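1. predicted coordinates and the sequence they were generated for:
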Amino acid sequence: MEDNGKKNTVKSKETKYSITFIENDIAQCIYKEIEEVDLNNAKINVKDRVEFFDGVAYPCLFDITKIKHSTKEARDYLANEGSELIVASAIVVNSPVIKMMANFYITVNKPQIPTRMFTDRESAMEWLSQFKKKA
């Protein structure tokens with residue numbers, strides 16, 4: 001297949017809750033400081049991301065280092081309906097509390113797509129690269 005020139009193009013969108021961008025066929029969602037992710041803002045985030053992806057599925061890095069807490073309803077939603085247009089999910093954490101929350105999400109909520117937790121972005125991006133579309 002030929003390279004259409006879009007591979008390294010960066011496109012981004014900022015919302016109330018996050019900044020999302022796509023670079024080199026991997027999406028990155030960096031969440032802003034949020035006290036609690038509840039079902040309502042989880043649905044808003046997913047809706048915004050799905051619109052931004054415009055029908056194309058991507059491996060996706062989720063930087064949740066600024067989130068303090070999430071509700072069970074939000075985690076259930078994100079593990080199921082919330083994974084629309086995501087090929088694989090890498091969750092970046094930076095504190096023991098967030099690490100515990102992400103670990104709980106992966107083991108209890110059992111997302112429908114390959115999902116792993118990381119403490120650094122480089123490892124997360126490396127893992128996600130295996131899920132990029134082969135051109």
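-> Ah, there it is.

2. tell me what the longest helix seen in the chain is packed against?
-> Taking DSSP state H as the criterion, the chain has its longest helix at helix 39-53. Judged by 3 or more CB pairs under 8 Å, 6 or more residues apart in numbering; DSSP states H and E, the packing partners of helix 39-53 are strand 18-23, strand 26-31, helix 72-79. (C-beta placed from N, C-alpha, C; glycine too.)

3. contacts for it next, please.
-> The contact list for helix 39-53 (CB atoms under 8 Å, 6 or more residues apart in numbering) reads 13, 15-18, 20, 22, 27, 29, 31, 34, 37, 70-71, 73-74, 77-78, 81-82, 84-85.

4. next: stretch 91-105.
-> Counting by CB under 8 Å, 6+ apart, 61-65, 67-70, 75, 78-79, 106, 111, 115-121, 124 sit against stretch 91-105.

5. what about 7 Å?
-> 61-65, 67, 70, 75, 79, 115, 117-119, 121, 124 (CB atoms under 7 Å, 6 or more residues apart in numbering).

6. any low-confidence regions in the chain?
-> 1-9, 134-135 (pLDDT under 70).

7. following the longest helix of the chain, which helix or strand shows up next?
-> Following helix 39-53 in sequence order, the next helix or strand is strand 58-63 (DSSP states H and E).

8. partners of that next one in the sheet?
-> Strand 58-63 pairs in its sheet with strand 26-31 (parallel), strand 86-92 (parallel), by DSSP bridges.

9. got JSON lines for these, with distance to A42 too?
-> Formatted as JSON lines, the strands paired with strand 58-63 follow (distance: least, CB to CB, whole Å):
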{"stretch": "strand 26-31", "distance to A42": "11"}
{"stretch": "strand 86-92", "distance to A42": "14"}
